[in-house]
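Undergrad: structure for this input, please:
(chains A, B, C and D)
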Number of protein chains: 4
Amino acid sequence: MPTILGQNQYGKAENRVVRITRDGDTHHIKDLNVSVALSGDMDDVHYSGSNANVLPTDTTKNTVYAFAKEYGIDSAEQFGIHLARHFVTSQEPIKVARIRIEEYAWERIATSDGNSKFIGADEVNHSFARKGQELRTTQVTFDGENWEIISGLKDLTVMNSTNSEFWGYVKDKYTTLKEAYDRVLCTDVSAAWRYNWTSDDQRMPNWEKSYEQAKKHMLQAFAETYSLSLQQTLYQMGSRVINSRSEIDEIRFSLPNNHHFLVDLEPFGLKNDNEVYFAADRPYGLIEATVLRDGVEPKIPVDMTNL
Amino acid sequence: MPTILGQNQYGKAENRVVRITRDGDTHHIKDLNVSVALSGDMDDVHYSGSNANVLPTDTTKNTVYAFAKEYGIDSAEQFGIHLARHFVTSQEPIKVARIRIEEYAWERIATSDGNSKFIGADEVNHSFARKGQELRTTQVTFDGENWEIISGLKDLTVMNSTNSEFWGYVKDKYTTLKEAYDRVLCTDVSAAWRYNWTSDDQRMPNWEKSYEQAKKHMLQAFAETYSLSLQQTLYQMGSRVINSRSEIDEIRFSLPNNHHFLVDLEPFGLKNDNEVYFAADRPYGLIEATVLRDGVEPKIPVDMTNL
Amino acid sequence: MPTILGQNQYGKAENRVVRITRDGDTHHIKDLNVSVALSGDMDDVHYSGSNANVLPTDTTKNTVYAFAKEYGIDSAEQFGIHLARHFVTSQEPIKVARIRIEEYAWERIATSDGNSKFIGADEVNHSFARKGQELRTTQVTFDGENWEIISGLKDLTVMNSTNSEFWGYVKDKYTTLKEAYDRVLCTDVSAAWRYNWTSDDQRMPNWEKSYEQAKKHMLQAFAETYSLSLQQTLYQMGSRVINSRSEIDEIRFSLPNNHHFLVDLEPFGLKNDNEVYFAADRPYGLIEATVLRDGVEPKIPVDMTNL
Amino acid sequence: MPTILGQNQYGKAENRVVRITRDGDTHHIKDLNVSVALSGDMDDVHYSGSNANVLPTDTTKNTVYAFAKEYGIDSAEQFGIHLARHFVTSQEPIKVARIRIEEYAWERIATSDGNSKFIGADEVNHSFARKGQELRTTQVTFDGENWEIISGLKDLTVMNSTNSEFWGYVKDKYTTLKEAYDRVLCTDVSAAWRYNWTSDDQRMPNWEKSYEQAKKHMLQAFAETYSLSLQQTLYQMGSRVINSRSEIDEIRFSLPNNHHFLVDLEPFGLKNDNEVYFAADRPYGLIEATVLRDGVEPKIPVDMTNL
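TA: You can find the predicted model right below:
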């Protein structure tokens, strides 16, 4: 046979599951988008179409919903761990399971503000508004022995309206850019960080707290860095997370430079004193890098966070 | 001539303007997407291509940026009023100006949390994260005499995890739906409300406060209504806004019913006690209606809020 | 009651239906996205939540699929007519039905090219690739007596690489644009045209042929017009359709001016002889107008084709 | 320093360039979206913010437009090769350049159909409609010595309305799927193939012809395969490309299974004889695999084609 099969995986992608937990009248919700990818002894289904080793993608979907009942959803990471372990340990042909999850955050709608003259206006504990800010992500991979957990976030748009410069760069025959000593710095943060938890023998991190703290440190580093380049800001963000969170060994960012161009108002007899900007769509600078704890081996793929 | 020209309008759409205001070290930002549509004596440009009455769309763009400097941006509504007045009063052929604006909200990044061991960690007042929840909208129309201001919001996703029923409906030969006595109610609120401020002689509403209060009342009505149909919830939301805000006479909603289907877990020997839901994409119910102060004439177009 | 209900409608939106017809081994497909909106005696469901007059949106969905079987899908328009008539005539409280349909076009995959050395390579008549060009649309409205059919298309991107000028326009203090004597003209055509078929007593147009011809005339008018403004091109496109198709009385366009800016290559010692363009995203000019057969009353809403 | 920098790259993403070539009155257009990513000696800009080794992303943008003039755009691949070679050979700190390009295809608008009674109606050779079907892609990588060219396409939606089955699969306690002996098979093809051209010493492939042939073979294999699983179809598509095109050594696919569910019409007294389908959005099966010429080493990253 002149051609052969290489890496392959399959499963049901984008299973949207909402899990409600009731604590008396107080409800809690978890809202996930779960994608399953399985690999193993799958030559036959590719070569001949025999499905003898194939657990249907429909079954992987059913499993997501059944596990939401059986185990609940403490965190996206913990839910992914339950699923990945199940597929690898229950199906002999399946050697590796990779579970990707996106999580939408919700906040409670405030009702008992004292101003409400319309009804008894007791506090309502089953009403939520979607936060709409960043999308939380995780990727859980299990090969029957070791775990790899890469969590992160997407689409967290941040802006510094000052404390950013850009000068001293290389100039070639195609360079026309003027140096900037006070510019707006704006980006949509995509980040993926790898936990050093890899085995059931280790103590598991507190996934919820770890996420919240990693996000906080990134935001603070972004705000507090006086920036000479977006690369420098990126490195500060990554390094702050790793230095603050011992459970995280590696972090990769993909940061578009959402250009805000100072509008030339001189033709209209006006001076633009860093006040009025045009927010451009395309093209945009794109800065991508991994920051690592010294001594560890990088494992987050270059293309994972790529736009 | 066997064909004639009907309603027409033109202008530059989606001008992205970011306005920064400095109050010492404390910066404030307004982030808008402004679309200009002008109409008037425009027969010639359609019939013969003569641009003698046409102010270029490029000029309308420049005007947006120049006005951001000259007038600042107190609110989307006030900014639209400056623009609309300018086009109608400064260009004789232009009879009506319609300014549509979308506004993105930002919040400050908290830095001085006391935990920050990395730098002096004074409060940083020029760093922002985009809120990402609803998009605020306004449409300002001016014909040289009267104003029409229709403001609103889009993509505000809300959910009640209980206190919603649906039963007692018509059943025909194509009806298979089972009645529901406890269901999830989830929607993406699109709303547009019309102010009764129409003339420069009237006292202008406080646009920022009015927006904030209209949103609050909608959310509270959504949360506090025990719902027998999404139509009932819609009416409560609209009626609450109009009864609470005397400056608003009419409101129109477009509310998709984002179905959350209870997953049948019985085949797996599990009982789904209103815990595990599949969040569906399409199709979705779509409920649209106007709520009016009694006695006023409806003016918000049906297709304005249509999906 | 200080508030009252205004215009309202409800139904199931975006029912994705694919209908396959078999003519021996030769299959034909129709691929639609159908949205149902019903209105009538619906006060109670808004005021009190009583669903006694409400045919569930789930039932309207079922009806779409059942009718795809019972009537087949000759054309989007004909299918919408079957549906609208059914809802209005079978449910007493329903006074008006509006059916909106988007249609995706498919083309056959060519197989018997004579080069195929792999299999018997007879022609395969059940394989299709989605065309991906424009989206075909229709809106069918029935009030029990009269029909209104507004058909159209969206997202048909066209470009003239020459024969477009723009000069002789108004200049005010905010005008900086330079006149252009040879520019690229590029737009995404959104068009909606109204048929003068309004009653079952009239002979029904051939919807498929009418669509194909209307599209052809628009494209030819776009290509053949030497343009002094996008408004002039728009008028030529509309007028060509109405003059060529007696079944169409009115057409409305929304045409973004997808700016292609000539890149300034002089800093690099190069001359840009109308060769290299930057295709911009935002902002864009937006030109909207209705073209009518002389003597008819305009009925297509301004906001129907609005971006 | 407890943290270090890992893999990093930067550049200007999504430069939209349109290149027009004139052959008398006949114009030709190439419409690309070009993203530049450079890597090399970039430690300082991350650690200290020094831009001494940084060619600005703005310059990489300028280079794209200048090269469109200087070299023209014969093909996306050839254009990427010019760019990548330039960055690596002209800037000492830059060791690797990766150019990603998306190409939009256009077709001529037919005008001289003989029916046109409106104008002289000579053929117009400067008018185009965007095809809108698949997006053509390429990724060109150069390290100063070797080339890696990975080309492909995205969003090519195809459907077989018969000749697809799915049965004989594993059944566990979460399996409820019924076996199917005649189903619709529909997918959006994402494919990336690697050329074995790696050195300037080799004869360069004809990139345009190679693309056209690779696409043709994929489509034919999709149409002509009697499918027992989407994996089998994928393998046939890949193997057909590699066996037909000696310049291609490896191909990777990401194929969503766009489920078309047969609608149950029995409650309405109707029989659905494989005629009426519901086209679902989410979840979807996702089948991904690499097909290789026997003996070659796989190099296309798993995450490159991932959805």
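Undergrad: C-alpha only now, for contacts and for neighbours.
TA: Noted.
Undergrad: now the one residue sitting closest to the centre of chain A: which helix or strand?
TA: In chain A, the centroid-proximal residue (CA atoms, centre = their mean) is residue A:153; its distance is 2.3 Å. For residue A:153, the host element (DSSP states H and E) is strand A:147-160.
Undergrad: centre of the chain to that strand, how far?
TA: Averaging C-alpha positions (CA atoms, centre = their mean, to the nearest Å) puts strand A:147-160 4 Å from its chain's average.
Undergrad: now do stretch A:185-195
TA: 8 Å.
Undergrad: please apply the same query to stretch A:86-102.
TA: Worked out by CA atoms, centre = their mean, stretch A:86-102 lies 21 Å from the chain centre.
Undergrad: close to chain B, is the helix or strand residue A:286 falls within?
TA: Using DSSP H and E, residue A:286 falls within strand A:284-293. No - Strand A:284-293 does not reach chain B (CA under 8 Å from any CA of the partner chain); its nearest approach is 15.1 Å.
Undergrad: check whether that strand contacts chain D.
TA: Yes - against chain D, strand A:284-293 shows contacts by CA under 8 Å from any CA at A:284-293.
Undergrad: now swap in stretch A:125-140 and tell me
TA: No - residues of stretch A:125-140 are not located near chain D by CA under 8 Å from any CA, the shortest gap being 12.5 Å.
Undergrad: in that stretch, what counts as buried?
TA: Neighbour-count burial for stretch A:125-140, counted by 16 or more other CA atoms under 10 Å in any protein chain shown, picks out A:125-140.
Undergrad: residue A:86: which of the residues you listed is nearest?
TA: Minimum distance to residue A:86 across those is 12.5 Å, recorded for residue A:140 (CA to CA).
Undergrad: what residues does the stretch 101-250 of chain A have near chain D?
TA: Neighbours of chain D within the stretch 101-250 of chain A, by CA under 8 Å from any CA: A:166-172, A:174-177, A:227-229, A:231-235, A:239, A:242-243.
Undergrad: now, those residues that are in helices?
TA: A:231-235, A:239, A:242-243 (DSSP state H).
Undergrad: how about the residues of strand A:284-293 next to chain D in TSV, adding neighbour count and distance to chain C?
TA: Shown next, in TSV, are the residues of strand A:284-293 next to chain D (neighbours: other CA atoms under 10 Å in any protein chain shown; distance: CA to the nearest CA, whole Å):
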residue	neighbour count	distance to chain C
A:284	22	12
A:285	27	16
A:286	25	18
A:287	25	22
A:288	26	24
A:289	24	28
A:290	27	31
A:291	28	34
A:292	28	37
A:293	22	40
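Undergrad: chain B: which of those is nearest?
TA: Set against chain B, the nearest of those by CA to the nearest CA is residue A:284 (15.1 Å).
Undergrad: correct me, but that closest one touches residue A:260?
TA: No - if you go by CA atoms under 8 Å, residue A:284 and residue A:260 don't touch, sitting 10.1 Å apart.
Undergrad: so what sits against both of these two?
TA: Residues touching both residue A:284 and residue A:260 (CA atoms under 8 Å, 6 or more residues apart in numbering or on different chains): none.
Undergrad: could you check how far the residue nearest to the centre of chain A is from chain B?
TA: 14 Å (CA to the nearest CA, to the nearest Å).
Undergrad: state the pLDDT value of that residue.
TA: Note on residue A:153: pLDDT of 97.
Undergrad: got a list of what the closest residue to it other than its chain neighbours touches?
TA: Closest residue to residue A:153 apart from its sequence neighbours, by CA to CA, 6 or more residues apart in numbering or on different chains: residue A:136 at 4.4 Å. Going by CA under 8 Å, 6+ apart, residue A:136 touches A:102-105, A:151-154.
Undergrad: out of those residues, who's nearest chain D?
TA: The closest of these to chain D turns out to be residue A:102 (CA to the nearest CA; 13.1 Å).
Undergrad: direction included, what does the strand or helix carrying the closest one pair up with?
TA: Remark: residue A:102 resides in strand A:94-104, with elements defined by DSSP H and E. Sheet pairing for strand A:94-104, assigned by DSSP bridges, gives strand A:26-40 (antiparallel), strand A:135-142 (antiparallel).
Undergrad: for the closest residue to residue A:287 other than its chain neighbours, grab the count of nearby residues.
TA: Of all residues beyond its chain neighbours, the one nearest residue A:287 is residue D:10 (4.6 Å), with distances taken as CA to CA, 6+ apart. Using other CA atoms under 10 Å in any protein chain shown, residue D:10 is surrounded by 27 other residues.
Undergrad: can you show me the strands along the stretch 201-307 of chain A?
TA: Ranges of strands in the stretch 201-307 of chain A, per DSSP state E, counting those that start in this stretch, are A:248-257, A:260-262, A:276-279, A:284-293.
Undergrad: my read: residue A:239 touches residue A:294, true?
TA: No - Residue A:239 lies out of contact with residue A:294 (CA under 8 Å); the separation is 10.5 Å.
Undergrad: what residues are shared contacts of these two?
TA: By CA under 8 Å, 6+ apart, the residues touching both residue A:239 and residue A:294 are residue D:3.
Undergrad: list the contacts of residue A:100.
TA: By CA under 8 Å, 6+ apart, the contact set of residue A:100 is A:34-36, A:80, A:137-140.
Undergrad: next: residue A:54.
TA: A:42, A:45, D:169-170.
Undergrad: now do the same for it: helix, strand or coil?
TA: coil (DSSP: H, G, I helix; E, B strand; the rest coil).
Undergrad: from the centre of chain A, give me the residue that's furthest out.
TA: Of all residues in chain A, residue A:269 has its C-alpha farthest from the mean position, at 45.7 Å, by CA atoms, centre = their mean.
Undergrad: and residue A:21, how close does it get to residue D:72?
TA: Applying CA to CA, to the nearest Å, the value for residue A:21 to residue D:72 is 61 Å.
Undergrad: re earlier: out of residue A:239 and residue A:294, which sits in the busier spot?
TA: Set side by side, residue A:239 and residue A:294 show more neighbours around residue A:239, with 26 against 14, by other CA under 10 Å.
Undergrad: what residues of stretch A:36-55 count as buried?
TA: Of all the residues in stretch A:36-55, those buried under the rule 16+ other CA under 10 Å are A:36-40, A:42-43, A:45-51, A:53-55.
Undergrad: go on, stretch A:69-85?
TA: A:69, A:72-73, A:75-85.
Undergrad: again with stretch A:167-187
TA: By neighbour count on 16+ other CA under 10 Å, the buried set for stretch A:167-187 is A:167-169, A:174-175, A:183-187.
Undergrad: next: stretch A:221-229.
TA: Those buried within stretch A:221-229 under the rule 16+ other CA under 10 Å are A:221-229.
Undergrad: and the furthest pair within the residues of strand A:284-293 next to chain D?
TA: Greatest spacing in those, by CA to CA: A:284 and A:293 (29.3 Å).
Undergrad: let me see the contact set for residue A:274.
TA: A:183, A:262, B:20.
Undergrad: residues in contact with the closest residue to the second one other than its chain neighbours?
TA: It stands for residue A:262. Of all residues not flanking residue A:262 in the chain, residue A:277 sits nearest, at 4.6 Å (CA to CA, 6+ apart). Shown in contact with residue A:277 (CA under 8 Å, 6+ apart): A:260-263, B:17-19, B:65.
Undergrad: repeat for residue A:211
TA: For residue A:211, the contacting residues are residue A:152, by CA under 8 Å, 6+ apart.
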